[in-house]
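Participant: below: sequence and its predicted model.
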Amino acid sequence: LIQAGILGVGSYVPERILTNKELEQMVDTSDEWITTRTGIRERRIADPAVSTSDLAVRASRKALEHAGVKPEELDLIILTTCSKDMPLPAGACLVQTELGAPQAGAFDLEAGCSGFVYGLTIASQFIATGAMKRILVIGAEVLSRIINWQDRNTCVLFGDGAGAVVVGPVAPGEGILASKLSAEGAGWEHLYIPAGGAKMPADPVTVEKKLHYVHMNGKEVFRYATRVMEEESIHLIKAANLRLEDIDLLIPHQANIRIIEHAARKLKLPMEKVVVNLDRYGNTSSASIPLALDEAVKSGRVKAGDNIVMVAFGAGLTSGGIVLKW
Ligand code: ACO
């Protein structure tokens, strides 16, 4: 099998910043509540003129440039998102034509906030078999369009953004050392959008009832998250034949600082080894890990040979992770 790794990374966030203070004017909340319960201080909101595939294209161009790969060299584009432009077709097809990648297959992958680690794991399989050489994996979200701005339980948590990586063959011993995909479908109702699909098609009543927005049981998701972040990380580190002390950097899904600190404590990792940017972006779902990875790489925080653990959880309920030698 051929070893798969990340050849380049890029990200993009919209310019518009929405602060906790501004949210105080919109719902019954406070900067103090949001900061202490979640760690989030501000988030980015996409301009009405752009959508998820536009953010995806911007992040992808940067990842391709960083990798030194031309769009025409791409064999496959996987867009991981839970806020796709339209129910049909896949947003990956819009990205494919916009980038100019005529040789690439293109599809969307929906695994909630675990989407990016799912996508990266799938991409690595095509590289491993030699079937493909260059794959673009994107996590992009415009969550601001699928959340109810009158629901304080959810609207304070999420933000818009995109991150992308180019995946290809790397030297033996480098790149993706282990990966794991998990799901506990029994918990699907803890985080979902009831209407707008085949089960409950859009009609004036569903719109009136705001059933096209994210509905979340925060406590249940929190409980799931703290359990699986620890379990998945420990499993992955073992599967990669590493010890806890070999881990140089943890890049967790950015949902809540309390979930991240809990995972770090359980893994005995000091917070200096944990990448956190949710204070500036909130939860950007599929985009959160590639966005955090890009910032860590571009700021020099990631060094050649570092062992990186990426671990995520999300709607589904899903979880998963990847251990990567940079
Ligand atoms: N401002 C002020 N008060 C609030 C707010 C708010 N924005 N939101 C909730 N509250 C209130 C609640 O109504 C509740 O009031 P009550 O006691 O009178 O009923 C009180 O604050 C406490 O609520 P809890 O739910 O106990 O607060 P908790 O400390 O559990 O934090 C939170 C809630 C932040 C949502 C937490 O449960 C969490 O982070 N859960 C995980 C959510 C998550 O990560 N979701 C994304 C998954 S990824 C994906 O796939 C999209």
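Facilitator: Good, I have the coordinates. Numbers count the residues shown, from 1 in each chain.

Participant: give me the secondary structure label for A287.
Facilitator: Classification of A287 by DSSP: H, G, I helix; E, B strand; the rest coil places it in helix.

Participant: what count of nearby residues applies to it?
Facilitator: Other residues within reach of A287 by the criterion other CB atoms under 10 Å amount to 37. C-betas here are computed from N, CA, C, even on glycine.

Participant: quickly note the distance from it to G159.
Facilitator: Note on A287: its distance to G159, by CB to CB, to the nearest Å, is 9 Å.

Participant: what does the chain put close to the ligand?
Facilitator: Counting by CB under 6 Å from any ligand atom, the residues of the chain close to the ligand are 29, 33-34, 37-38, 112-113, 152-153, 156, 191, 216, 218-219, 221-222, 225, 255-256, 283, 285, 314-315.

Participant: residue contacts, N307?
Facilitator: N307 is in contact with L177, A240, L242, D246, I247, D248, L249, V323, L324, K325, W326, counting by CB atoms under 8 Å, 6 or more residues apart in numbering.

Participant: buried subset of the residues you listed, written for PyMOL?
Facilitator: PyMOL command restricting the contacts of N307 to the buried ones, with burial defined by 16 or more other CB atoms under 10 Å:
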select buried, resi 177+240+242+247+248+249+323+324+325+326
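
Participant: which residues touch the residue nearest the centre of the chain?
Facilitator: Computing the C-alpha centroid of the chain and ranking residues by CA atoms, centre = their mean puts S286 first, at 2.3 Å. The contact partners of S286, taken as CB under 8 Å, 6+ apart, are T80, T81, C82, A111, G112, C113, G115, F116, G119, G139, A140, E141.

Participant: quick revisit: what subset of the residues of the chain next to the ligand is buried?
Facilitator: Using 16+ other CB under 10 Å as the burial test, these include 29, 34, 38, 112-113, 152, 156, 191, 216, 221-222, 225, 255-256, 283, 285, 314-315 as buried.

Participant: may I have stretch 133-142 as CSV, with CA atoms only?
Facilitator: Only the C-alpha atoms of stretch 133-142 are listed here, as CSV (Å, rounded to 0.1, in the frame of the first residue of the first chain):
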residue,chain,number,x,y,z
LYS,A,133,-2.7,10.6,-7.0
ARG,A,134,-4.2,13.9,-6.1
ILE,A,135,-7.4,14.4,-4.1
LEU,A,136,-8.9,17.6,-2.7
VAL,A,137,-10.7,17.2,0.6
ILE,A,138,-12.6,20.3,1.7
GLY,A,139,-14.6,21.2,4.8
ALA,A,140,-16.8,24.2,4.1
GLU,A,141,-19.8,25.6,5.9
VAL,A,142,-22.2,28.5,5.8
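
Participant: mean confidence score for that stretch?
Facilitator: For stretch 133-142, the mean pLDDT works out to 98.

Participant: for M216, give me phi and psi.
Facilitator: Taking degrees, to the nearest 10, you get phi -140, psi 140 for the backbone angles of M216.

Participant: dig out what it forms beta bridges with.
Facilitator: L191 (DSSP bridges).

Participant: surely it and R152 touch.
Facilitator: No: counting by CB atoms under 8 Å, M216 stays clear of R152, with 11.6 Å between them.

Participant: so who does the residue nearest to T35 when sequence neighbours are not counted touch?
Facilitator: Computed as CB to CB, 6 or more residues apart in numbering, the closest residue to T35 that is not its neighbour in sequence is R41, at 6.1 Å. With contacts defined as CB under 8 Å, 6+ apart, R41 is in contact with T19, N20, D31, I34, T35, D279, R280.

Participant: those in helices, which ones?
Facilitator: Using DSSP state H to define helices, the subset of the contacts of R41 located there is N20, D31, I34, T35, D279, R280.

Participant: of those residues, which is the most crowded?
Facilitator: Neighbour-wise, the ones in helices among the contacts of R41 (other CB under 10 Å) top out at I34, 22 neighbours.

Participant: which residues in this protein form strands?
Facilitator: In the chain, the strands defined using DSSP state E lie at 4-12, 17-19, 42-44, 76-80, 105-109, 135-142, 160-169, 175-183, 191-192, 215-216, 249-252, 307-314, 318-325.
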